[in-house]
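**Student:** predicted model and sequence follow; I will ask about them next.
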Amino acid sequence: MESKSPQQMTILIVEDQQDMLQSIKTMLEMIHYGRNVHGVSNGKEAWKFLSKGDEPVDFIIAEYEMPDMNGMELLTHLRQNKKFRDIPFLMITAEADRSLVAEAAEHDVDGYLTKPFVTAALEQKINEVNKKIQHPDAMTLHLRKARDLEDEGDVSGALQEVGRAIAANPGSSRPLRELGRLHAQGGDIPKAIDCFQKAVQVNCLDVSSYHYLGQLYLRKGKIDEATNCLAKAIDISPRHSERALKLAYLLLRKGRLSEAEKVFILIMKNNPDNIDLHEEIAEAALENNFQDMAIKCFRLVVKKYPARLDIHKKLGLLYYGKGQNKNAALHMKRAAKKYGDDLDFLLALIKSFLAMDRVVDADKWAKKAKELYPDNREVKKLLLQCL
């Protein structure tokens, strides 16, 4: 994309805290950066703004921690899209720890700025990013040319350019990683694995190369090797939920339940607002008898979606299995609107009421069970207990 001076750029600020959003706008006004400055509250809104295409964006300043779609997720979408992948991207973070730096490098972030910051720091960082875009080093130029050749279908030419990128900067793992990716796409798995192994030797924090190695080992059926590589990737950058889920499922396949449980807990901690992810973890926890974890995740789901009667049913049965009859009855009563003809469900509901000495409620559901299952011995026995 054409590089512009900061004064002429259209800048998009992505920040969920309105006071911080306004503060960044004010800073840009003070240094006269941004011919047009727009602000949105999260990654999804930013993606909508970009996709609408009313005004091309020249520079993005985005908060890392945001609901719905965080800064890193937005950056991932951008880098995977030919139209937007070259937009300079400055990440705003509350802290710059090892995992964040590794994650930023993985997604080719152009720069990051740690809060709190002053106007001079923002100005300096924008200038640094812009200078890097305007005057890329030799390795970056070769990698860009390789990318363009790959887009044109010239994989051979792309491989040659990546080779030149390696020669230009043998101390960087990035071109080795790119070479491995091209070999993997071409089906040469041994060469791809060799490239990724060299990449992690050059840079032990190259989380993407560990991730690729894990995927390739998984394709070859080498579960132990895949597990080890994905575990290293998670250790470096624990925020990547898809990678962490894959690792947890691999650990479950190997029967390493306690380790899988720890990974699930890590995913939940790093993604507290991702309800779909919590439901997926809850189902896996339920299947593997991690009852407390399943309850915790399902509770988050029904808090967000109280009309989900299927989740109320699962919660009710889980609480019943743990002897927590009050909670069991609470959720099963709601679920009974849909599952009131399920025998096992009805038996659990009746027993929960009886355990709490709520005989009238137990009798109501026992009579319904008798109507549906008149010959069931356990139903008859429970009905007698209600007398």
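**Tutor:** Yes, it's here.
**Student:** now do the strands in the chain.
**Tutor:** Remark: strands assigned in the chain by DSSP state E are 10-14, 36-40, 59-63, 89-93, 111-114.
**Student:** I'd like those strands laid out as a markdown table, including mean pLDDT and mean neighbour count.
**Tutor:** (C-beta placed from N, C-alpha, C; glycine too.) A markdown table is the format used below for the strands of the chain (pLDDT from 0 to 100; neighbours: other CB atoms under 10 Å):
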| stretch | mean pLDDT | mean neighbour count |
| --- | --- | --- |
| strand 10-14 | 96 | 23 |
| strand 36-40 | 95 | 17 |
| strand 59-63 | 95 | 25 |
| strand 89-93 | 91 | 23 |
| strand 111-114 | 87 | 17 |
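**Student:** now render the ones you listed as CSV, adding distance to G187.
**Tutor:** CSV is the format used below for the strands of the chain (distance: least, CB to CB, whole Å):
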stretch, distance to G187
strand 10-14, 38
strand 36-40, 41
strand 59-63, 36
strand 89-93, 32
strand 111-114, 36
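**Student:** nearest to R299, out of the ones you listed?
**Tutor:** strand 59-63 (28.2 Å; CB to CB).
**Student:** got the angle for the closest one vs strand 89-93?
**Tutor:** 20 degrees (axes from the mean of the first three to the mean of the last three CA atoms, to 10 degrees).
**Student:** could you shift the numbering so residue one becomes 41, and keep it that way?
**Tutor:** Sure, I'll start counting at 41 from here, so that last one is strand 99-103.
**Student:** list the contacts of strand 99-103.
**Tutor:** With contact meaning CB atoms under 8 Å, 6 or more residues apart in numbering, strand 99-103 is reached by 46, 49-57, 60, 64, 74, 83, 86, 110-111, 114-115, 118, 127-132, 166, 169-170.
**Student:** may I have the strands that pair with it, each with its orientation?
**Tutor:** Using DSSP bridges, strand 99-103 pairs in its sheet with strand 50-54 (parallel), strand 129-133 (parallel).
**Student:** chain center to the first one, what's the gap?
**Tutor:** Remark: strand 50-54 is offset 23 Å from the chain centroid, using CA atoms, centre = their mean, to the nearest Å.
**Student:** got the angle for it vs strand 76-80?
**Tutor:** Using the same axes, to 10 degrees: strand 50-54 against strand 76-80 is 20 degrees.
**Student:** same check, this time on the last one
**Tutor:** With the same axes, to 10 degrees defining the directions, strand 129-133 sits at 50 degrees from strand 76-80.
**Student:** can you get me a residue count around the nearest residue to Y252 once chain neighbours are set aside?
**Tutor:** Spatially, and ignoring its direct neighbours in sequence, Y252 is nearest to F236 (5.1 Å; CB to CB, 6 or more residues apart in numbering). F236 has 29 neighbours, counted by other CB atoms under 10 Å.
**Student:** which residues does F236 contact?
**Tutor:** Neighbours of F236 in contact, by CB under 8 Å, 6+ apart: 216-217, 220, 249-250, 252-253, 256.
**Student:** among those, which pair sits farthest apart?
**Tutor:** Every pair of those checked by CB to CB; the farthest is L216 and L256, at 14.4 Å.
**Student:** any idea how far V240 is from D177?
**Tutor:** Per CB to CB, to the nearest Å, V240 is found 22 Å from D177.
**Student:** try K84
**Tutor:** 34 Å.
**Student:** over to E418?
**Tutor:** 75 Å.
**Student:** could you break this protein into its assigned domains?
**Tutor:** Domain ranges of the chain: 46-175, 176-276, 278-327, 346-427, per automatic domain parsing.
**Student:** distance of L340 relative to R348?
**Tutor:** Distance from L340 to R348, by CB to CB: 11 Å.
**Student:** among K84 and D177, which residue is more densely surrounded?
**Tutor:** Ranked by neighbour count (other CB under 10 Å), K84 and D177 place K84 first, with 17 against 13.
**Student:** any of the contacts of F236 buried? List them.
**Tutor:** 216-217, 220, 249-250, 252-253, 256 (16 or more other CB atoms under 10 Å).
**Student:** where does the protein dip in pLDDT?
**Tutor:** 41-43, 135-147 (pLDDT under 70).
**Student:** which residue lies nearest the spatial centre of it?
**Tutor:** Central residue of the chain (CA atoms, centre = their mean): S281, 3.9 Å from the mean position.
**Student:** that residue reaches P312, doesn't it?
**Tutor:** No: counting by CB atoms under 8 Å, S281 does not reach P312; the two are 11.4 Å apart.
**Student:** helices along the stretch 241-390 of the chain, start to end?
**Tutor:** Secondary structure of the stretch 241-390 of the chain (DSSP state H, counting those that start in this stretch): helices at 247-259, 263-276, 281-293, 297-310, 315-327, 331-344, 349-361, 365-379, 383-395.
**Student:** what does the fifth one rub up against?
**Tutor:** Read it as helix 315-327. So helix 315-327 is contacted by 281, 285, 288-289, 292, 301, 304, 307-308, 311, 330-331, 333-334, 337-338, 340-341, 344-345, 351, 354, 358 (CB under 8 Å, 6+ apart).
**Student:** may I see the buried residues of it?
**Tutor:** Buried positions in helix 315-327, judged by neighbour count with 16+ other CB under 10 Å: 315, 317-322, 324-326.
**Student:** how about the fourth one?
**Tutor:** Buried residues in helix 297-310, defined by neighbour count with 16+ other CB under 10 Å: 299-301, 303-304, 306-308.
**Student:** same list (those residues) but as a markdown table, adding distance to K373.
**Tutor:** Listed next are the buried residues of helix 297-310 as a markdown table, based on distance: CB to CB, whole Å:
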| residue | distance to K373 |
| --- | --- |
| E299 | 37 |
| A300 | 33 |
| E301 | 31 |
| V303 | 35 |
| F304 | 29 |
| L306 | 35 |
| I307 | 31 |
| M308 | 28 |
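**Student:** ok, so of the residues you listed, who is nearest K123?
**Tutor:** I307 (31.5 Å).
**Student:** which of the buried residues of helix 297-310 lies closest to D382?
**Tutor:** F304 (28.2 Å).
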